[in-house]
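Got a predicted model here, sequence first, then my questions.
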Amino acid sequence: MISFNKVANNEIVPIILAAGRGSRLGQGDIPKTMALVAGKPLMQLAVESLLKTGFASADIIVVIGFRGEVIKSYFGADLGYVLQPELNGNAGALDAFLSENKEIDKHVLVIQGDDANQATPENLQQLIHFHFSRQADISILTVNHPDPESHLIEYISDRDGRVVEIIPRESIDSNGQYTAGIYIFSGPLLAHFLPILKETTPEGKELGIINLIQLALNSDQRVFRHNSNQEYVSVNTPKGLRNLRQKVTEP
């Protein structure tokens, strides 16, 4: 097992993955994370929660790609930005981040932009506490009930929350846990496994976070999942976006 040095609590870099298109949502020529929810961009939900959790604006890094100028124009220079030049998957976004932060020894809090509604202050605070209490190399925020339009795999864990296996979702009534699109990675782990992921991924295939996690599991890294009590709403389709808009605007 590779030994990664643990760093002090709160030594975390928060990044938001926001490079994707909004075409499946019917958003036209704007990034997916700029779809409006309760009158504000979806990504703003994550930014506001990070600020409430104790991060400063300057701490937050956004990985941009498609129409990144729209995001930069809205959020301004208070946030940091990294360009993902090729839309080659969510782990490709992590690789773009790492290319500009090669010597990072902090932990990296990753929020998928289309799951920004899951990034509540409560979820973030609990996941950070859980990550350090378990001395984890990877921590995954999960939910109990799968979204049939989004969740294709489930995480099987022991009683302590340590992930022991990743399997295809067997049914809508499966008893596993399903990703909420928020993770914490050890920076040195990313530096070690991302090059391996790139070397082993067939040409033309996207670099996926799920495949990165599987590599870590295969090498006996400390991968844990922490379950959220929040209902998961997938924002991959117009129907999912409508559902989220209804829930966010509910009193």
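Right, received. Where do you want to start? What you see is a predicted model; the values in this text were computed from it and never measured.

Give me the mean pLDDT for the strand ranked longest in the chain.
Determined from DSSP state E, the single longest strand within the chain is strand 178-186. Across strand 178-186, pLDDT averages out at 95.

Just give the strands next to it in its sheet, each with its orientation.
Applying DSSP bridges, strand 178-186 is found paired with strand 107-112 (antiparallel), strand 138-143 (antiparallel).

Any idea how far it is from the middle of the chain?
Relative to the chain's own centre, strand 178-186 is displaced by 5 Å; criterion: CA atoms, centre = their mean, to the nearest Å.

Convert it to PDB, retaining C-alpha atoms only.
Taking C-alpha atoms only, strand 178-186 is exported to PDB below (Å, rounded to 0.1, in the frame of the first residue of the first chain):
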ATOM      1  CA  TYR A 178     -24.700   6.000  -4.900                       C
ATOM      2  CA  THR A 179     -22.500   9.000  -5.600                       C
ATOM      3  CA  ALA A 180     -23.800  12.500  -4.900                       C
ATOM      4  CA  GLY A 181     -21.100  14.000  -7.100                       C
ATOM      5  CA  ILE A 182     -18.900  15.300  -4.300                       C
ATOM      6  CA  TYR A 183     -15.500  13.800  -3.300                       C
ATOM      7  CA  ILE A 184     -12.300  14.500  -1.300                       C
ATOM      8  CA  PHE A 185      -9.000  13.200  -2.700                       C
ATOM      9  CA  SER A 186      -5.600  13.300  -1.200                       C
END
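
Pipe the strands paired with strand 178-186 into CSV and attach distance to Arg225, mean neighbour count and mean pLDDT per row.
C-beta here means a position set from N, CA and C on the backbone, and glycine is covered the same way. CSV is the format used below for those (distance: least, CB to CB, whole Å; neighbours: other CB atoms under 10 Å; pLDDT from 0 to 100):
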stretch, distance to Arg225, mean neighbour count, mean pLDDT
strand 107-112, 14, 26, 96
strand 138-143, 4, 26, 96
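
Distance to Ile16 added to those strands, as JSON lines?
Below are the strands paired with strand 178-186 laid out as JSON lines (distance: least, CB to CB, whole Å):
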{"stretch": "strand 107-112", "distance to Ile16": "5"}
{"stretch": "strand 138-143", "distance to Ile16": "14"}
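
quick one: the helices in the stretch 51-200 of the chain?
Assigned by DSSP state H, counting those that start in this stretch, the helices in the stretch 51-200 of the chain fall at 68-75, 90-99, 121-133, 187-200.

List the contacts of the last one.
Applying CB atoms under 8 Å, 6 or more residues apart in numbering, the external contacts of helix 187-200 come out as 2, 4-5, 13, 91, 94-95, 98, 101-102, 104-108, 137-138, 207, 211-212, 215-216, 219, 221.

ok, then the element right after it?
Using DSSP states H and E, the helix or strand that follows helix 187-200 in sequence is helix 209-218.

And the helix or strand hosting Asn243, how far out from the chain middle?
Assessed by DSSP H and E, Asn243 sits inside helix 238-249. Helix 238-249 sits 20 Å away from the centroid of its parent chain (CA atoms, centre = their mean).

Tell me the buried residues in that helix?
Gly240, Leu241, Asn243, Leu244, Arg245 (16 or more other CB atoms under 10 Å).

Grab the nearest non-local neighbour of the first one.
This means Gly240. Ser234 (4.6 Å; CB to CB, 6 or more residues apart in numbering).

State whether Pro14 is indeed within a strand.
Yes: assessed with DSSP: H, G, I helix; E, B strand; the rest coil, Pro14 lies in a strand.

isn't it right next to Val63, touching?
No: counting by CB atoms under 8 Å, Pro14 stays clear of Val63, with 11.5 Å between them.

the more surrounded of the two?
Val63 (26 against 23; other CB atoms under 10 Å).

Excluding chain neighbours, what is closest to that one?
Ala93 (4.3 Å).
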